[in-house]
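*Asks:* Have a look at this prediction, sequence included:
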Amino acid sequence: LFVGYRGLHQKKIIFKDVSVVNPKKENEVNFNVEEIKRRILNAMEKDEIFLNDKLTVYEFSKFVNSNSKYVSSILNSEFKQNFATFVNSYRIEKAKKVLKSEVSKNYTIEAISEMVGFKSKSAFNNAFKSFVGKTPSAYKKG
């Protein structure tokens, strides 16, 4: 009897409909994606952080003031690349500029690979060939 009496006099619990999307929150998320995307591009183009051969997604995320899972997600969704491919694309572009410049005559391919952030000549050759279609030596000659 007591339980029935207490049950009848309880306050009503109102559940919010979670299927309704808050437009303000959605805009904030879009803003954050655009802001992180801008920071990523600044880090790569202005700060040339890709030149660091010890660069990890964790270190990169700290540099752009975000977390690594979020940065990885943005790279995958917005740039359609994983972290390693994204970084290597900037390294290869820098290497192409160096290889075409007069300065390259003073450096070996291995020195240029270290200059642009690769840890080894073989990693550089493999990445360069996959992006450009020829080896760094052939690119330099042609």
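*Replies:* Looks like it came in fine.
*Asks:* which one is A123 nearest to, not counting chain neighbours?
*Replies:* Among residues not flanking A123 along the chain, S113 sits closest, at 7.6 Å (Cβ to Cβ, 6 or more residues apart in numbering). Quick note: C-beta positions are derived from backbone N, CA and C, even for glycine.
*Asks:* secondary structure element for the one you found?
*Replies:* Per DSSP states H and E, S113 falls inside helix 109-115.
*Asks:* Please, where are all the helices along the protein?
*Replies:* Taking DSSP state H as the test, the helices found in the chain are 2-8, 23-45, 57-63, 68-78, 83-100, 109-115, 121-132, 136-141.
*Asks:* Arrange those helices in CSV, one row each, with distance to L51, mean neighbour count and mean pLDDT as further columns.
*Replies:* Formatted as CSV, those follow (distance: least, Cβ to Cβ, whole Å; neighbours: other Cβ atoms under 10 Å; pLDDT from 0 to 100):
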stretch, distance to L51, mean neighbour count, mean pLDDT
helix 2-8, 69, 8, 66
helix 23-45, 10, 13, 75
helix 57-63, 12, 16, 94
helix 68-78, 18, 15, 94
helix 83-100, 7, 18, 95
helix 109-115, 8, 18, 93
helix 121-132, 13, 17, 94
helix 136-141, 17, 15, 90
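*Asks:* Report the distance from the helix holding S113 to the chain centre.
*Replies:* Centroid separation between helix 109-115 and its chain, computed with Cα atoms, centre = their mean, to the nearest Å, is 23 Å.
*Asks:* And the contacts of it?
*Replies:* 51, 53, 95, 98-99, 104, 107, 120-121, 123-125, 136-137, 140 (Cβ atoms under 8 Å, 6 or more residues apart in numbering).
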